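Peer 1: Pasting a predicted model and its sequence here:
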Amino acid sequence: MTGITYEDFLDLSYEPDVEDLVCEFYVEPAADMDLAAAGSRVASESSNGTWAELQVEGSITDLSATTFELGDDGRIRVAYPAELFEFGNMPQILSCIAGNIMGMKAVERIRLLDCEWPEALATSFPGPQFGTSVREEIFDAGDRPITATVPKPKVGLSTDQHVQVGYDAWTGGVDLLKDDENLTDQSFNRFEDRLVGSLEARDRAEEETGEKKSYLINVTAETEDMLRRTDRVAEQGGEYVMVDVVTVGWAGVQTLRERAEEHGLAIHAHRAMHAAFDRIDTHGVSMRVLAQIARLCGVDQIHTGTADLGKLENEDTVGINEWLYGDCHGLTDVLPTASGGLHPGLLPELVDRLGTNICVQIGGGVHGHPDGTHAGAKALRQAIDAAVEGVDPETYADDHPELRAALDQWGTETPR
Ligand SMILES: O=C(O)[C@H](O)COP(=O)(O)O
Ligand SMILES: [Mg+2]
């Protein structure tokens with residue numbers, strides 16, 4: 001029998017194995033602890049230790065995590081052995097690396113900042129089916145970002161109104177109609193009616209414009225309902241489903257990913273509620289890690305912010321997007337979506353900061369156009385075209401009246 005205490009989880013000479021999952025945390029220790037003590041408690045509680053000394057036999061420490069780096073700025077790095085995890089089970093992994101430690105009294109604050117995913121663990125997940133290729137494969141969008149719009153008000157439109165707004169937006173030049181995060185199957189706008197009506201309107205819009213159009217319909221629900229709705233999207237000839245990944249939970253996303261592949265459907269991920277985890281920058285789970293999890297679980301598009309240009313607080317949108325584009329042991333990349341308080345006047349700066357390999361999603365900045373949704377959609381497309389061509393929007397607006405009206409309305413101000 002050997003006694004094992006939390007101090008056994010600290011080893012500054014440890015060199016992580018290539019199969020370890022390495023996590024970086026920011027830690028503020030409790031008042032009566034230093035960073036070494038708090039850091040060892042983190043590794044202990046998130047793997048196989050606890051507050052008390054344990055008497056164990058055999059090689060149980062093979063499953064222990066090791067804190068191997070203590071930074072002056074409160075950053076620590078912890079290595080987790082692969083055997084600690086059930087491969088392909090995201091909830092189990094998160095119950096380790098972002099579980100009890102988030103509420104543990106040994107730390108005042110703790111934030112999971114970043115993960116280095118080892119190959120075997122990363123590839124035990126499917127990753128996205130399509131990722132950034134949707135721009136080319138579905139929309140033939142060339143060099144420009146694809147565009148989406150969410151009808152506003154976010155809930156309350158009848159099905160007929162919602163369908164009409166979609167038609168007006170599509171024919172104005174928008175690629176994707178998107179449901180809002182809290183619209184699913186309510187009494188004023190039933191999922192089934194909205195699905196059938198919108199895809200019929202999509203077909204008409206495609207015929208009129210000669211462009212491919214698609215619909216991000218929100219299937220967020222209890223898992224069995226979500227799958228039934230996904231089946232219906234496929235039966236009706238949709239290309240995408242949309243899901244609120246944080247509120248539905250990662251188990252639900254994993255299940256949805258399997259069903260989406262059976263139908264060849266892409267997944268658009270809305271991140272509603274992410275800020276409960278990542279808004280306070282000294283605590284929780286960073287958006288960077290949430291985006292990594294989403295990629296492993298297999299979403300094709302995800303909201304990653306607007307690089308500080310919109311109405312929502314943003315963590316490092318550029319850095320998160322770079323991670324989503326970068327190599328992760330051969331997993332397909334993810335198309336970042338910029339959304340939340342955007343309007344046409346912000347697009348040159350947005351494209352400057354984020355590039356064109358994105359989806360630009362605008363709600364209020366389309367439907368709040370002084371001449372309505374159709375004109376708002378035209379203004380959005382004109383602003384995109386101007387940004388991609390590198391033409392100043394003021395100049396472009398000289399012979400594009402819809403863009404002119406949008407610029408007169410909102411200028412280049414960032415809304416709140
Ligand atoms: O779901 C979203 O992304 C938001 O509803 C965007 O809406 P907004 O463009 O009006 O901020
Ligand atoms: Mg919304």
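Peer 2: Arrived safely. Ligands and ions are numbered 1, 2, ... in the order given.
Peer 1: How much space separates W51 from S44?
Peer 2: W51 sits 8 Å away from S44, going by Cβ to Cβ, to the nearest Å. For the C-beta atoms, the positions are set from N, CA and C on the backbone; glycine is no exception.
Peer 1: Who has more neighbours out of these two?
Peer 2: Higher neighbour count among W51 and S44: S44, with 26 against 12, using other Cβ atoms under 10 Å.
Peer 1: I figured that one hits A52, correct?
Peer 2: No. Using Cβ atoms under 8 Å, S44 is not in contact with A52; the gap is 10.4 Å.
Peer 1: before we move on, back to that, hey, what's in contact with both of W51 and S44?
Peer 2: Listed as contacting both W51 and S44 by Cβ atoms under 8 Å, 6 or more residues apart in numbering are Y6.
Peer 1: Start and end of stretch 242-251, how far apart?
Peer 2: The first and final residues of stretch 242-251 sit 16 Å from each other (Cα to Cα, to the nearest Å).
Peer 1: what about R202, which SS state?
Peer 2: Under DSSP: H, G, I helix; E, B strand; the rest coil, R202 falls in the helix class.
Peer 1: what's the answer for the one 10 residues further on, then?
Peer 2: Classification of K212 using three-state DSSP returns coil.
Peer 1: I'd say it and I138 touch.
Peer 2: Yes. Using Cβ under 8 Å, K212 and I138 qualify as a contacting pair, with a distance of 6.1 Å.
Peer 1: give the contact list for whatever residue of the stretch 301-416 of the chain ends up closest to ligand 2.
Peer 2: In the stretch 301-416 of the chain, the residue that lies nearest ligand 2 is G363 (6.3 Å; Cβ to the ion). The contact partners of G363, by Cβ under 8 Å, 6+ apart, come to 149-152, 154, 180, 339.
Peer 1: I'd like the distance between the residue sitting nearest the centre point of the chain and V243.
Peer 2: Nearest to the geometric centre of the chain sits I302, at 3.5 Å (Cα atoms, centre = their mean). Distance, I302 to V243, by Cβ to Cβ: 10 Å.
Peer 1: Just the element for T255, please.
Peer 2: helix 250-263 (DSSP states H and E).
Peer 1: packing partners for that helix?
Peer 2: Secondary-structure packing of helix 250-263 (3 or more Cβ pairs under 8 Å, 6 or more residues apart in numbering; DSSP states H and E): helix 90-97, helix 223-235, strand 240-244, strand 266-270, helix 287-297.
Peer 1: Among these, which comes closest to ligand 1?
Peer 2: Closest approach to ligand 1 among these is made by strand 266-270 (5.9 Å; Cβ to the nearest ligand atom).
Peer 1: what's the helix or strand that that closest one is followed by in contact with?
Peer 2: Later in the chain than strand 266-270, the nearest helix or strand by DSSP H and E is helix 275-278. Outside helix 275-278, the residues that touch it by Cβ under 8 Å, 6+ apart are 246, 284-287, 290, 312-313, 315.
Peer 1: Any part of helix 275-278 near ligand 1?
Peer 2: No. Using Cβ under 6 Å from any ligand atom, helix 275-278 stays clear of ligand 1, with a minimum separation of 13.0 Å.
Peer 1: hey, what's in contact with both of I302 and V243?
Peer 2: Between them, I302 and V243 share these contacting residues under Cβ under 8 Å, 6+ apart: 268-269.
Peer 1: could you pull out the helices for the stretch 301-416 of the chain?
Peer 2: Secondary structure of the stretch 301-416 of the chain by DSSP state H, counting those that start in this stretch: the helices cover 317-325, 347-354, 364-367, 373-389, 393-396, 401-410.
Peer 1: Make CSV out of these and add mean neighbour count, mean pLDDT and distance to ligand 1.
Peer 2: Listed next are the helices of the stretch 301-416 of the chain as CSV, based on neighbours: other Cβ atoms under 10 Å; pLDDT from 0 to 100; distance: least, Cβ to the nearest ligand atom, whole Å:
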stretch, mean neighbour count, mean pLDDT, distance to ligand 1
helix 317-325, 19, 98, 14
helix 347-354, 20, 96, 12
helix 364-367, 25, 98, 3
helix 373-389, 23, 97, 10
helix 393-396, 16, 96, 18
helix 401-410, 20, 98, 12
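Peer 1: could I get the ones you listed as TSV with distance to E86?
Peer 2: Supplementary listing: the helices of the stretch 301-416 of the chain in TSV, determined by distance: least, Cβ to Cβ, whole Å:
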stretch	distance to E86
helix 317-325	24
helix 347-354	36
helix 364-367	43
helix 373-389	44
helix 393-396	51
helix 401-410	49
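Peer 1: Show me what the helix or strand encompassing L113 is packed against.
Peer 2: Element membership for L113 (DSSP H and E) is strand 107-116. Counting contacts by 3+ Cβ pairs under 8 Å, 6+ apart, strand 107-116 packs against strand 21-29, helix 35-45, strand 284-285, helix 287-297.
Peer 1: Kindly reformat these as TSV containing mean pLDDT and distance to ligand 1.
Peer 2: Shown next, in TSV, are the helices and strands packed on strand 107-116 (pLDDT from 0 to 100; distance: least, Cβ to the nearest ligand atom, whole Å):
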stretch	mean pLDDT	distance to ligand 1
strand 21-29	98	28
helix 35-45	97	34
strand 284-285	98	20
helix 287-297	98	14
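Peer 1: Reformat these into TSV and put distance to ligand 2 next to each item.
Peer 2: Output for those, formatted as TSV (distance: least, Cβ to the ion, whole Å):
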stretch	distance to ligand 2
strand 21-29	29
helix 35-45	35
strand 284-285	21
helix 287-297	16
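Peer 1: From the chain's centroid, how far away is stretch 163-176?
Peer 2: Centroid displacement of stretch 163-176 relative to its chain, using Cα atoms, centre = their mean, to the nearest Å, is 24 Å.
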